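[1] Sequence and predicted structure are below.
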Amino acid sequence: MLTYDHEISSIVHHSQEVYENAVFVAIVGYNHDGHDFIFEAIAKGAKTIIHEKEWFYPFPQNVNFHRVENAQKELAWLLQQVYSSIWDDLTVIGITGTNGKTTVSTMVYHYLTYLDYPTLLIGSNGCKYVDYYWPLVNTTPDIVTIYRLVKQCKAKLKYVIIEVSSQAIRELRIQGIQFDLVAITNISQDHFDYHHTWDDYLFSKGLLLTKLKPAGIAIVKREMPFFSFFNGLTINPVKSFGKNLGDIRYQITSSSLKGLKMTFTHLNTLQIESPLTGEFNAENIACFYTICIYLSLKLAPLIEFLKDFGTIKGRMEQFPLNQRLIVIDYAHTPEAVKQVAVFLKTQSKNRLFVVLGCGGERDRLKRPLMLRFALENAEWVYITEDNSRSEAFEEIVADMTHNQILNNYTVIPKRSLAIKKALEKSTEKDTIAIIGMGSDWYTEAEELVTDEIIVKRMGEIIWS
């Protein structure tokens with residue numbers, strides 16, 4: 001029971017967001033403990049404190065203290081009670097998977113916008129709504145941010161697309177949100193620093209299927225080994241896509257650096273062309289197409305939409321430079337690196353060079369696999385920095401190079417110098433793949449840059 005009545009101005013779990021009459025929920029997070037900020041929240045005007053840990057200090061006057069078993073769950077419940085109406089009349093779409101989440105969610109967002117449906121996209125490349133854009137720190141932000149974004153755009157909103165990470169599911173960042181449609185693009189090794197086991201990773205992904213509304217639909221890649229597992233996690237209809245199996249099947253009739261030509265078979269046959277490249281993007285397009293089918297969207301405009309829908313920022317972006325082809329891609333899992341490297345090797349007019357790093361404080365088991373796939377397909381690989389965080393770069397390199405049979409690599413810690421060396425060693429008609437960061441910004445020599453900025457800068461230095 002709460003002792004003091006007060007108006008609720010907001011429900012927050014970050015002390016810097018507290019102002020008068022706020023409810024502050026103290027959550028034990030991955031890096032910080034909200035209980036350490038309770039005094040700050042009270043000083044800023046919080047009138048109710050929701051907490052898990054025992055409170056050993058005197059209770060301030062006119063401030064409610066309510067201890068609960070699970071503060072994150074309580075936060076989700078409070079938001080649902082106070083702001084439940086914001087989900088009325090909205091179609092909510094959740095997209096997860098190891099690879100392809102961003103591409104598929106971005107395609108769905110742009111097609112809905114193309115059809116003049118006001119749509120909010122929340123994901124890796126930030127939050128987008130009509131002409132508005134908000135950067136995000138995580139693929140899936142915290143639940144307070146999700147509610148705030150939906151509430152801010154609610155007036156004309158029709159669809160909400162949330163790119164959902166396995167960590168977000170585990171940390172209850174989407175707790176209480178019900179989805180009309182969820183899609184699982186594919187599953188391969190990633191995030192074992194967080195999940196530790198395959199079972200934990202699979203169940204975390206699969207929990208998204210349990211958050212469907214009673215009339216909701218799940219879409220899952222039919223030809224992945226875990227289809228039966230995911231199919232059994234929900235009583236909702238599960239629709240599938242695949243090359244040889246699935247409710248919707250596709251064939252690749254042409255694949256090159258210029259794009260894809262594909263044929264879909266469902267009730268009828270549909271032929272499409274897309275400037276997106278590689279078999280992995282054919283799979284993403286198939287997932288996107290299946291989502292469109294089961295959202296009952298118009299298909300007639302889809303052919304023209306796909307023909308004009310170009311590269312997604314940081315995903316297989318091509319930059320011709322001095323008769324070389326530079327490709328920048330976000331691949332940061334073994335399967336993604338393999339797909340990118342194999343495709344570019346087959347499509348390159350000459351040799352393939354790869355610039356590659358692995359993130360610090362992340363899954364160590366995937367590091368040697370990522371390098372191995374690069375080494376097997378490239379003329380030479382330049383191992384470099386890729387957001388080491390607080391982990392020593394030398395330790396990351398040691399993991400990457402452990403037990404490698406091939407040694408066609410050079411270690412150059414500074415990312416800009418690794419890119420410069422790859423450009424210098426290349427000749428006409430070579431392809432240089434810069435993998436890992438995509439369009440993400442990073443700091444080098446106290447300057448914020450992207451791989452694209454570095455490529456253009458180094459190109460001017462080398463060939464001006």
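    The structure has been received and is ready for your questions. Numbering: from 1, shown residues only.

[2] longest helix of the protein?
    In terms of residue count, the longest helix belonging to the chain (DSSP state H) is helix 279-294.

[3] Skip ahead from that helix and say which helix or strand is next.
    Toward the C-terminus, helix 279-294 is succeeded by helix 302-308 as the next helix or strand (DSSP states H and E).

[4] Now do that following helix: distance to the chain's middle.
    Computed by Cα atoms, centre = their mean, to the nearest Å, the chain-centroid distance of helix 302-308 equals 24 Å.

[5] what is the mean pLDDT for that helix?
    If you average the pLDDT over helix 302-308, you get 95.

[6] returning to that earlier point: now the longest helix of the chain - C-alpha only, CSV.
    Listed next in CSV are the C-alpha coordinates belonging to helix 279-294 (Å, rounded to 0.1, in the frame of the first residue of the first chain):
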residue,chain,number,x,y,z
GLU,A,279,21.7,-14.6,-51.2
PHE,A,280,21.4,-13.4,-47.6
ASN,A,281,19.5,-10.4,-48.9
ALA,A,282,17.3,-12.7,-51.0
GLU,A,283,16.4,-14.3,-47.7
ASN,A,284,15.7,-10.9,-46.1
ILE,A,285,13.5,-10.0,-49.1
ALA,A,286,11.6,-13.3,-48.7
CYS,A,287,10.9,-12.5,-45.0
PHE,A,288,9.8,-9.0,-45.9
TYR,A,289,7.5,-10.3,-48.7
THR,A,290,6.0,-12.9,-46.3
ILE,A,291,5.3,-10.2,-43.7
CYS,A,292,3.6,-8.1,-46.4
ILE,A,293,1.4,-11.1,-47.4
TYR,A,294,0.2,-11.7,-43.8
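
[7] neighbouring contacts of it?
    93, 99-100, 103-104, 107-108, 111, 181, 183, 185-186, 217, 219, 221, 239-242, 247-248, 250, 252, 255, 260, 262, 264, 266, 272, 274, 276, 299, 302, 306, 316, 336, 339-340, 343 (Cβ atoms under 8 Å, 6 or more residues apart in numbering). Just so you know, the C-beta spots here come from the backbone N, C-alpha and C atoms, and that holds for glycine as well.

[8] how close does Met107 sit to Ile184?
    Remark: distance between Met107 and Ile184 (Cβ to Cβ, to the nearest Å) = 16 Å.

[9] Neighbour count: these two, which is higher?
    Set Met107 next to Ile184 and count neighbours by other Cβ atoms under 10 Å: Ile184 wins out with 28 against 25.

[10] Could you report the pLDDT at the closest residue to that one other than its chain neighbours?
    Excluding its sequence neighbours, the residue lying closest to Ile184 (Cβ to Cβ, 6 or more residues apart in numbering) is Val220, at 4.8 Å. Val220 is assigned a pLDDT of 96 by the prediction.

[11] What is the neighbour count of the closest residue to Lys154 other than its chain neighbours?
    Spatial nearest neighbour of Lys154, excluding adjacent residues (Cβ to Cβ, 6+ apart): Ile86 at 5.3 Å. Using other Cβ under 10 Å, the number of residues around Ile86 comes to 19.

[12] contacting residues around Ile86?
    147, 150-151, 154.

[13] Around Asn322, count how many other residues there are.
    Counted with other Cβ under 10 Å, the neighbours of Asn322 add up to 12.

[14] Equivalent analysis for Lys44, please.
    Neighbours of Lys44 under the rule other Cβ under 10 Å: 17.

[15] Quick check: the gap between it and Thr427.
    Lys44 sits 61 Å away from Thr427, going by Cβ to Cβ.

[16] Check what pLDDT Tyr57 gets.
    87.

[17] Leu245 versus Phe264, what's the distance?
    Phe264 is 14 Å from Leu245, by Cβ to Cβ.

[18] Looking at the two now, which is surrounded by more residues?
    Legend: neighbour count by other Cβ under 10 Å for Phe264 and Leu245, higher for Phe264 (21 against 12).

[19] Could you report the neighbour count for the nearest residue to the more buried one once chain neighbours are set aside?
    Spatially, and ignoring its direct neighbours in sequence, Phe264 is nearest to Leu270 (4.5 Å; Cβ to Cβ, 6+ apart). Other residues near Leu270 come to 16 when the count uses other Cβ under 10 Å.

[20] and the helix or strand where Leu270 lies, how far from the chain's centre?
    Using DSSP H and E, Leu270 sits within strand 269-274. Here strand 269-274 is found 26 Å from its chain centre; the criterion is Cα atoms, centre = their mean.

[21] do the same with stretch 225-232
    Using Cα atoms, centre = their mean, the offset of stretch 225-232 from its chain centre is 22 Å.

[22] and for it, what are the contacting residues?
    Identification of contacts with stretch 225-232 by Cβ under 8 Å, 6+ apart yields 184, 187, 202, 205-206, 209, 218, 220-221, 238, 240.

[23] Let's test this: name the helix or strand in the protein with the lowest mean pLDDT.
    Within the chain, confidence by mean pLDDT, DSSP states H and E is lowest for helix 192-195 among all helices and strands, at a mean of 69.

[24] going on from that one, what's the next piece of helix or strand?
    Following helix 192-195 toward the C-terminus (DSSP H and E): helix 198-206.
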